[in-house]
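Peer 1: Give me the fold of what follows.
(one chain, ligands or ions: 2)
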Amino acid sequence: MNKYTTKSGRPLTLGLGTGSKWKDYKREKQLAFSSELVDLLKNAIEAGVRHIDTAYVYNTQTEVGIAIKESGIRREDMWITTKYFHSRVGPSKRPLEVIDEILTQLQTDYLDLLLIHHPFVDKNSETSISIEEMWREFNQLKTQGKVREIGVSNFGVADLKKLSSAEFAFKPAFNQIEFHPSLQNQSPGVVKFSQDNGILVEAYGSLTPLGFEKGQLLEYLEELSSQLNRTKAQILLRYTLQKGILPITTTKNSERIKQNFEIYDFKLDDGQIERIDELGALQEHREYFTKDFEHYSSLV
Ligand SMILES: NC(=O)C1=CN([C@@H]2O[C@H](COP(=O)(O)OP(=O)(O)OC[C@H]3O[C@@H](n4cnc5c(N)ncnc54)[C@H](OP(=O)(O)O)[C@@H]3O)[C@@H](O)[C@H]2O)C=CC1
Ligand SMILES: O=C1Nc2ccccc2C1=O
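Peer 2: Numbers count the residues shown, from 1 in each chain. Ligands and ions are numbered 1, 2, ... in the order given. All right, here's what the predicted structure looks like:
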């Protein structure tokens, strides 16, 4: 368990994502707004989900805001994470310029967590904003109380070190990265460095191995699934949690939300965790930001 809580003091547990798959779905169906997503989120809140992950670029903040309002849950019982997006090469709205639009869409006067969505900035572009400049404004947003916690996403060790300057009163509290047995380090040493420096690692893509067609990892997950009477998804999410990493997962299926979130009442033993580590390492796979990280030869 991590040290974070909602404003009302509820422990921060795994999160429900409303990521690019929802954005893509809306685009395919030519929807400006998805009532299906609002309904799914309301069902999720009804089922006990209290942590929702969105991002400016997903175009799902409006649905999150409406679902929380319509569910009747108290705002202080929810944890909302969103992400500030900047262009890699061209001009971007700065964090201080975009925050009020984010708060309006989410129908709230504070965020629990704001992340820099990615660290990839073209240093040769005169108009793009550097990560240090973004972080300066993130510090201001925390001081102003518009954001309770500030963090980053897809940052490697060198990127994190750039934000460790004494200039910044607040260092990153979270680093949200891709993590699963077949990608145990999004970039070299990032999980250990984050954890050694008190940064809570959040995982996206935790269920990636479920998309594999075959392999020893899947076979072992099947075996564990029958032995423990848990789904493969629950085992992957529990594995992540036992690494001290907080999973963010997503599904379009309300039944799966209930199941996927029931991972706090069982434990994998050390041998099972080691076996998942070993078999994952035999089948390396990166699902997201493949071009940005292609220079790393090994993924685990
Ligand atoms: N910071 C960043 O750069 C990124 C952040 N994210 C965040 O993380 C969230 C999760 O990321 P994502 O990689 O999509 O998530 P997951 O690894 O959780 O995978 C989700 C996929 O798994 C399927 N799934 C869910 N539950 C089950 C189950 N019980 N059995 C079988 N299949 C299942 C879903 O399909 P179905 O809908 O059919 O159930 C969906 O296609 C995103 O929504 C976003 O909020 C994601 C990517 C990058
Ligand atoms: O949810 C997400 N899906 C993505 C795909 C590529 C890059 C970022 C993301 C997300 O944040």
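Peer 1: the strands in this structure, which residues?
Peer 2: 15-17, 51-53, 79-84, 111-116, 147-153, 174-178, 200-204, 246-249 (DSSP state E).
Peer 1: residues from the stretch 151-300 of the chain in reach of ligand 1?
Peer 2: Residues of the stretch 151-300 of the chain that fall close to ligand 1, judged by Cβ under 6 Å from any ligand atom: 153-154, 176, 204-208, 210, 231, 233, 248-253, 256, 259-260, 288. For the C-beta atoms, the positions are set from N, CA and C on the backbone; glycine is no exception.
Peer 1: List the ones among these that fall in helices.
Peer 2: 233, 256, 259-260 (DSSP state H).
Peer 1: Which of the residues you listed has the largest number of neighbours?
Peer 2: Comparing those on neighbour count, Asn260 comes out first with 23 neighbours (neighbours: other Cβ atoms under 10 Å).
Peer 1: Read off the pLDDT value for it.
Peer 2: At Asn260, the model reports a pLDDT of 97.
Peer 1: Now for it: which residues touch it?
Peer 2: Remark: with contacts taken as Cβ atoms under 8 Å, 6 or more residues apart in numbering, Asn260 is in contact with 231, 233-234, 237, 249, 251.
Peer 1: Alongside ligand 2, which residues does the stretch 151-300 of the chain contribute?
Peer 2: 288-289.
Peer 1: Where does the prediction get shaky in the stretch 151-300 of the chain?
Peer 2: 297-300 (pLDDT under 70).
Peer 1: got the strands of the chain as TSV, with distance to Met134 and mean neighbour count columns?
Peer 2: What follows is these, written out as TSV (distance: least, Cβ to Cβ, whole Å; neighbours: other Cβ atoms under 10 Å):
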stretch	distance to Met134	mean neighbour count
strand 15-17	22	24
strand 51-53	19	26
strand 79-84	7	25
strand 111-116	5	25
strand 147-153	9	24
strand 174-178	15	25
strand 200-204	18	24
strand 246-249	21	24
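Peer 1: Distance to Val190 for the ones you listed - can I get that in JSON lines?
Peer 2: As requested, the strands of the chain are arranged in JSON lines below (distance: least, Cβ to Cβ, whole Å):
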{"stretch": "strand 15-17", "distance to Val190": "19"}
{"stretch": "strand 51-53", "distance to Val190": "19"}
{"stretch": "strand 79-84", "distance to Val190": "18"}
{"stretch": "strand 111-116", "distance to Val190": "15"}
{"stretch": "strand 147-153", "distance to Val190": "11"}
{"stretch": "strand 174-178", "distance to Val190": "6"}
{"stretch": "strand 200-204", "distance to Val190": "8"}
{"stretch": "strand 246-249", "distance to Val190": "15"}
